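> sequence first, then the predicted structure:
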Amino acid sequence: MIRQTQRLSACTHGPHGSSQARTDGSGAGHRMVIVGGGFAGLAAARALRRAPVEVTVVDRANHHLFQPLLYQVATGILSEGDIAPPIRGVLRSQRNTSVVLGEVEDIDLESRRLKLNTLGLRSEIPYDSLIVATGAEQSYFGHDEYAEHAPGMKTIDHALELRGRIFGAAGCTRTAPSGHSITATRARWPPSPVSARSRRSGDCAYPASWRGYCGSQSTCSS
């Protein structure tokens, strides 16, 4: 984690260790490109909200994923939308920030350009400084065969796959002892604190330490 943080810090500077000025003569502001709309990418973008730079956030998904609550999606307590607000919504109040949907295929360090693939449409984005915060993948420590029996918990697809396995094992289509279906019985269960807060006006479903990242609640503070 320390080495990864050091690499991300180094990516924000030019080859000589300092931020480079624009040399194209356009007179526009310093172009800061952030690859990744996760916690690190959003934290960097928010830290630059008052800086004299042009911030572009690039992500292959159009949403930010709050991974700590994936287990609640996997167990059916929350829906996918509850933990995946649009990145544009999260950063909507930042005038110096734009969001681009696309997967980075290559980085040209010499010309300082990102090569993107957006649903088959290829484009390039120039930058002066670059932050790479693409996150991490599930690791099985050299035993990838474990994935068949132990799905990861890094994406919404992982959570939905695990939900299907859990509900399938529990026999959700069977009838409860009272004669009501499992779905009807579950409706009478007390809601989770997070789910209840998300439905209550003027409150935020995210933990207090991460409020402001959801982008869907008007009362979230930055």
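Structure's in. What do you need? Numbers count the residues shown, from 1 in each chain.
> show me what counts as buried in the lengthiest helix in the chain.
The longest helix of the chain (DSSP state H) is helix 156-170. Buried residues in helix 156-170, counted by 16 or more other Cβ atoms under 10 Å: 156, 158-159, 162. (C-beta placed from N, C-alpha, C; glycine too.)
> how near is the residue lying closest to residue 54 once chain neighbours are set aside to residue 122?
Using Cβ to Cβ, 6 or more residues apart in numbering and skipping residues adjacent in sequence, the residue nearest residue 54 is residue 29, 4.7 Å away. When Cβ to Cβ, to the nearest Å is applied, the distance between residue 29 and residue 122 equals 26 Å.
> return the residues in contact with residue 63.
The contact partners of residue 63, taken as Cβ atoms under 8 Å, 6 or more residues apart in numbering, are 37, 84-87.
> which one of those residues is nearest residue 152?
residue 84 (16.5 Å; Cβ to Cβ).
> neighbours of that closest one, how many?
Burial measure for residue 84: 21 neighbouring residues, criterion other Cβ atoms under 10 Å.
> the strands in this protein, which residues?
Ranges of strands in the chain, per DSSP state E, are 30-35, 53-59, 97-101, 103-108, 113-118, 121-126, 129-132.
> out of the contacts of residue 63, which is most surrounded?
Greatest neighbour count in the contacts of residue 63, by other Cβ under 10 Å, goes to residue 37: 28 neighbours.
> next, that residue: phi, psi?
phi -110, psi 30 (degrees, to the nearest 10).
> pretty sure it is touching residue 56, no?
No. Residue 37 lies out of contact with residue 56 (Cβ atoms under 8 Å); the separation is 11.3 Å.
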